[in-house]
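1. Generate coordinates for the sequence data below:
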Amino acid sequence: MSTTVTVQAPAGTVVGHQREGVRRFLGIPYAEAPTGPRRFAAPVPRGRFTEPYDATRPGATAQRVPLSATTTIPEPSVPGDDVLNVSVTAPDADGCPVFVWIHGGGFLAGSPASPWYDGRAFARDGVVTVTVGHRLGVDGFAVLDDVPTNLGLRDLLLALDWVRRNIAAFGGDPDRVTVAGQSAGGAAVLALLSSPAGRGRFQRAVSLSGGLFEVDATRVRDVLARLGARLGVPPTRAGFATCAPESLQRGVLDLRGADDVLVLGPVVGDDILPQRLTEGLAVHGQDVPLLLGATGDEFDGDSDQEARAAGTRITDTLFRSACPRTAAARRAAPAGTWLYSFEWPSPTLGGAVHCVDLPFFFDLLDAPGVPQALGPNPPAELAARMHADLVAFVRGETPSWGRAAGRTGDPARTYGRPLADDTRGCYDPVTGADTC
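-> Sure thing, here's the model as predicted:
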């Protein structure tokens with residue numbers, strides 16, 4: 001049975017609910033709704049609530065259209081304008097470390113309201129979880145005249161500012177914030193880590209299956225020109241402002257080719273990302289410890305030989321290779337970089353594919369959709385180990401395996417390998433060899 005719980009925060013009075021010692025405050029706006037003149041503009045901090053804010057229901061999502069008809073992660077779309085919102089899951093305690101989660105979805109889709117991102121296991125272990133919504137697709141990553149670039153990243157930076165100002169009221173420590181994400185969310189983490197704007201906004205970082213994604217501005221303009229022609233509007237701020245976000249999202253999804261994993265995303269060359277990501281990682285975030293890794297198969301869990309070969313190219317090019325490249329860029333970082341590799345093969349999906357590590361890291365094997373993705377009996381002991389490693393990192397502990405520097409022979413924590421259930425750090429992410 002749940003009970004009402006109220007928090008007095010700098011943002012105002014927020015009303016949530018509590019059940020079995022876990023407090024939830026859902027869909028709290030951190031910025032003004034990006035509609036009307038605020039659409040295609042930098043985010044504006046939300047004013048202080050003049051009345052108690054009802055945070056008992058999920059907030060609106062920027063996703064209007066899922067990335068595909070069937071997604072591994074349950075990704076509900078929630079209608080509404082206030083898509084720039086955060087949800088907080090917290091234990092009934094004070095001074096807890098904070099885990100800020102950015103969802104995936106190719107910068108085009110994804111939902112912070114997914115049950116796979118529920119923070120109850122973190123709350124059980126004394127961690128406050130914050131899930132963040134931000135603008136997606138054209139609204140978040142267009143390159144248009146008179147429009148700030150990287151609006152989606154600007155949203156995330158403002159959300160982190162909200163966390164710093166308000167999280168103590170929810171039991172979190174604003175000086176112990178870990179920013180984390182998976183897929184596009186993990187890529188956003190690496191982008192924020194490489195940005196001068198990220199300085200001081202978080203103290204630790206985790207990137208799960210996040211590539212070094214940066215999109216060429218000329219290519220973005222080409223995509224937008226084709227999109228405008230498809231929708232019958234000029235590829236301008238005024239033209240796209242006449243289109244609902246849903247039609248823009250559908251249009252971009254229809255334009256994506258078979259190999260177009262990323263058509264919109266972070267663009268280099270502005271005040272947020274003045275340098276290429278590897279160059280930024282070598283300069284910024286040097287005092288931020290980083291944990292990152294990928295799944296063993298990502299996109300090549302397919303029995304068809306041609307499809308598997310294409311999936312292997314995507315896996316290696318976009319995801320697994322980003323791990324040693326990031327470690328190499330941060331080689332001189334005193335805070336350190338640690339790698340992992342998730343190798344447990346899902347019996348239903350045919351391998352250690354994209355997204356299947358999430359219920360293990362969140363310790364949510366009972367979440368909706370997990371049996372369909374992981375089969376009826378995913379190993380609970382693996383979830384306990386992975387979640388414990390992640391919680392320890394968020395608490396500020398140094399990982400028990402060695403640091404990585406982007407060299408052959410770098411150690412990495414391996415999870416769920418079928419032949420060697422080893423946690424000493426024997427997997428070489430550069431060569432794929434077992435170095436035990």
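
2. Next up, the contacts around Ile272.
-> Neighbour list for Ile272: Thr149, Asn150, Leu153, Arg154, Leu157, Ser195, Ala197 [criterion: C-beta atoms under 8 Å, 6 or more residues apart in numbering]. Glycine gets a C-beta too; all of them are placed from N, C-alpha and C.

3. Can you tell me the closest non-neighbouring residue to it?
-> Excluding the flanking residues, the one nearest Ile272 by C-beta to C-beta, 6 or more residues apart in numbering is Asn150, at 4.6 Å.

4. What about the one you found, how many residues nearby?
-> Counted with other C-beta atoms under 10 Å, residues neighbouring Asn150 total 27.

5. Quick check: it touching Leu273?
-> Yes. With contact defined as C-beta atoms under 8 Å, Asn150 reaches Leu273; the gap is 6.4 Å.

6. Overlap of the contact sets of these two?
-> Taking C-beta under 8 Å, 6+ apart as the contact rule, Asn150 and Leu273 both touch Pro266, Val267.

7. Distance of Pro274 relative to Ala191?
-> Distance from Pro274 to Ala191, counting by C-beta to C-beta, to the nearest Å: 12 Å.

8. In terms of neighbours, single out the busier of the two.
-> Under the criterion of other C-beta under 10 Å, the comparison of Pro274 against Ala191 puts Ala191 first, with 30 against 16.

9. gap between that one and Gly181?
-> Computed as C-beta to C-beta, the Ala191 to Gly181 distance reads 10 Å.

10. Please identify the helix or strand for the residue nearest to Gly251 when sequence neighbours are not counted.
-> Closest residue to Gly251 apart from its sequence neighbours, by C-beta to C-beta, 6+ apart: Leu227 at 5.0 Å. Using DSSP states H and E, Leu227 falls within helix 217-231.

11. And that helix, how far out from the chain middle?
-> Relative to its chain's centre, helix 217-231 lies at 26 Å (C-alpha atoms, centre = their mean, to the nearest Å).

12. what does stretch 86-93 give?
-> That offset, for stretch 86-93, works out to 18 Å (C-alpha atoms, centre = their mean).

13. Need the residues that contact it.
-> Identification of contacts with stretch 86-93 by C-beta under 8 Å, 6+ apart yields 16, 18, 21-28, 30, 55, 58-59, 96, 112-113, 118-120, 122-124, 126-133, 159, 162-163, 167, 170-172.

14. do the same with stretch 367-384
-> Under the contact criterion C-beta under 8 Å, 6+ apart, stretch 367-384 has outside partners 72-74, 115-116, 118, 344, 346-349, 355-356, 359-360, 363-365, 415-416.

15. Mind checking the pLDDT average for the helix or strand just after the helix holding Leu227?
-> Next in sequence after helix 217-231, counting helices and strands by DSSP H and E, comes helix 237-241. Mean per-residue pLDDT for helix 237-241: 98.

16. who does the next helix or strand after helix 237-241 touch, helix- and strand-wise?
-> Following helix 237-241 in sequence order, the next helix or strand is helix 245-255 (DSSP H and E). For helix 245-255, the elements it packs on are helix 137-141, helix 217-231, judged by 3 or more C-beta pairs under 8 Å, 6 or more residues apart in numbering; DSSP states H and E.

17. what are the ranges of the strands in the stretch 1-150 of the chain?
-> 3-9, 12-19, 22-29, 53-54, 85-91, 96-102, 128-132 (DSSP state E, counting those that start in this stretch).

18. Parallel or antiparallel, list what pairs with the shortest one.
-> Right, strand 53-54. With DSSP bridges as the test, strand 53-54 is paired with strand 12-19 (parallel).

19. Next, the buried residues of the strand it pairs with.
-> Buried positions in strand 12-19, judged by neighbour count with 16 or more other C-beta atoms under 10 Å: Gly12, Val14, Gly16, His17, Gln18.

20. in the sheet, who's paired with the residue nearest to the last one when sequence neighbours are not counted?
-> Looking back up the chat, that one is Gln18. Using C-beta to C-beta, 6+ apart and skipping residues adjacent in sequence, the residue nearest Gln18 is Val5, 4.4 Å away. Partner residues in beta bridges with Val5, using DSSP bridges, are Gly16.

21. Against Val163, how distant is Gly21?
-> Distance of Gly21 to Val163, given as C-beta to C-beta: 22 Å.

22. Oops, could you answer that again for Gly369 instead?
-> Plainly put, Gly369 is 28 Å away from Val163 if you go by C-beta to C-beta.
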